[in-house]
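Q: Any chance you can model this:
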Amino acid sequence: MEILTQLAIIAGICICGDWISSLLPIPFPGSVVAMLLLFLFLGMKWIKEEQIQEVGDFLLKNMAFFFVPAGVSVMNYFELLKASIVPFIIICVITLILTFGVTSWTVSAVMKLQQKKRDKEEPSC
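A: Have a look, this model is predicted:
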């Protein structure tokens, strides 16, 4: 029963994300809104990590499986993509580099913030 509750929480957040996305004046992915909502709820401690941990772990462990349909769809439209394969590859390489850079910068910034917090909490002798 616990797994169903966790699944219901995650599904509810996804549905809310889609609903909020449909209300926005610009097209915005509901899944991104749902991730922001989940981040907000976890940060405000309205939802505790333990409340969604089992289902979240399952989804993370099987993430590659969820990309199979998207990969197959790309292969179905290969003839269409073939005409613009060079720009497509260039965009993929640039976004990969940007993603690595932003991720690296974010991890460094979080580590510095955590170190400052630790330094502040430690009593000085």
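Q: Of all residues in the chain, which one is nearest the centre?
A: The structure's the chain has its C-alpha centroid closest to residue 35; by C-alpha atoms, centre = their mean the separation is 5.9 Å.
Q: Verify the stated contact: it with residue 17.
A: Yes. Under the criterion of C-beta atoms under 8 Å, residue 35 makes contact with residue 17 at 7.5 Å. The way it works is simple: take the backbone N, C-alpha and C, and place the C-beta from them, glycine included.
Q: Would you state the helices of this structure in chain order?
A: 2-23, 30-43, 53-61, 63-66, 68-76, 78-82, 85-121 (DSSP state H).
Q: picking that back up, tell me which residues touch the residue nearest to the centre of the chain, please.
A: By C-beta atoms under 8 Å, 6 or more residues apart in numbering, the contact set of residue 35 is residue 17.
Q: Repeat the analysis, applying 10 Å as the threshold.
A: Neighbouring residues of residue 35 by C-beta atoms under 10 Å, 6 or more residues apart in numbering: 13-14, 17, 29.
Q: same check, this time on residue 30
A: Counting by C-beta under 10 Å, 6+ apart, residue 30 makes contact with 14-22, 24.
Q: Mind doing that once more with 6 Å?
A: Listed by C-beta atoms under 6 Å, 6 or more residues apart in numbering, the contact set of residue 30 reads 17-18, 21.
Q: Kindly reformat the residues you listed as a markdown table containing neighbour count, pLDDT and distance to residue 103.
A: A markdown table is the format used below for these (neighbours: other C-beta atoms under 10 Å; pLDDT from 0 to 100; distance: C-beta to C-beta, whole Å):
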| residue | neighbour count | pLDDT | distance to residue 103 |
| --- | --- | --- | --- |
| 17 | 21 | 95 | 23 |
| 18 | 14 | 95 | 26 |
| 21 | 17 | 94 | 25 |
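Q: how about these in TSV, adding distance to residue 108?
A: Below are the contacts of residue 30 laid out as TSV (distance: C-beta to C-beta, whole Å):
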residue	distance to residue 108
17	29
18	34
21	31
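Q: nearest to residue 51, of the residues you listed?
A: Among the contacts of residue 30, residue 17 lies closest to residue 51 (C-beta to C-beta), at 17.6 Å.
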